[in-house]
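Peer 1: Curious how this folds, go ahead:
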Amino acid sequence: MTRKITRIMLYAPDLEVAQRYYEALGFQLLGRGITVNRQPLIELAFETTGTRLALHTDLLLQYPDIEVEVNDVRDTYRALSRDPNVTWLREPTLGDAGCTATVRGPDGNLLVLTSPVDSESLGRARVE
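Peer 2: Numbers count the residues shown, from 1 in each chain. Okay, the predicted model is just below:
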């Protein structure tokens, strides 16, 4: 069974601001195009996967949220916390499956950030 996301489309009222945000999360610009309703669109992807993220200005399309795996949620949290356009709905939390946090980006979309945590780090976090 195939288990990968090939493309996710998100509304972003300002494509330049949104592009900077997603590039900070590790996405790379693949290209520009238009939606089925002839609205601007950009496509981004992680270097190591085939998953594509399409950002668009089309008001007729919906706002899904997505889950994004990052190297370290805590490092990403520290880096993006300096951005006044980013709102953290849930700060990094360690659990048995790893570290997660929920963020609303400058485009208004929600992301659930995840990163795996080794058992040694998890043990230290529970003691601290």
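Peer 1: and L89, how many residues sit next to it?
Peer 2: Using other CB atoms under 10 Å, L89 has 11 neighbouring residues. For the C-beta atoms, the positions are set from N, CA and C on the backbone; glycine is no exception.
Peer 1: so where do the helices sit in the chain?
Peer 2: Counting by DSSP state H, the chain has helices at residues 15-24, 73-80, 119-127.
Peer 1: ranges for the strands of this structure?
Peer 2: Here the chain has its strands, by DSSP state E, at 7-11, 27-34, 40-46, 52-56, 66-69, 87-95, 98-104, 110-115.
Peer 1: Lowest average pLDDT across those?
Peer 2: Lowest mean pLDDT within these: strand 66-69, at a mean of 80.
Peer 1: Can you give the strand pairings for that one, parallel or anti for each?
Peer 2: Here strand 66-69 is paired, per DSSP bridges, with strand 110-115 (parallel).
Peer 1: centre of the chain versus the strand it pairs with, how much separation?
Peer 2: The chain centroid and the centroid of strand 110-115 are separated by 6 Å, computed with CA atoms, centre = their mean, to the nearest Å.
Peer 1: Stretch 81-92 now?
Peer 2: How far stretch 81-92 lies from its chain's middle: 12 Å, per CA atoms, centre = their mean.
Peer 1: try stretch 7-20
Peer 2: 11 Å.
Peer 1: With stretch 8-28 instead?
Peer 2: 8 Å.
Peer 1: List the buried residues of it.
Peer 2: Within stretch 8-28, the residues scored as buried using 16 or more other CB atoms under 10 Å are 8-12, 15, 18-19, 21-22, 25-27.
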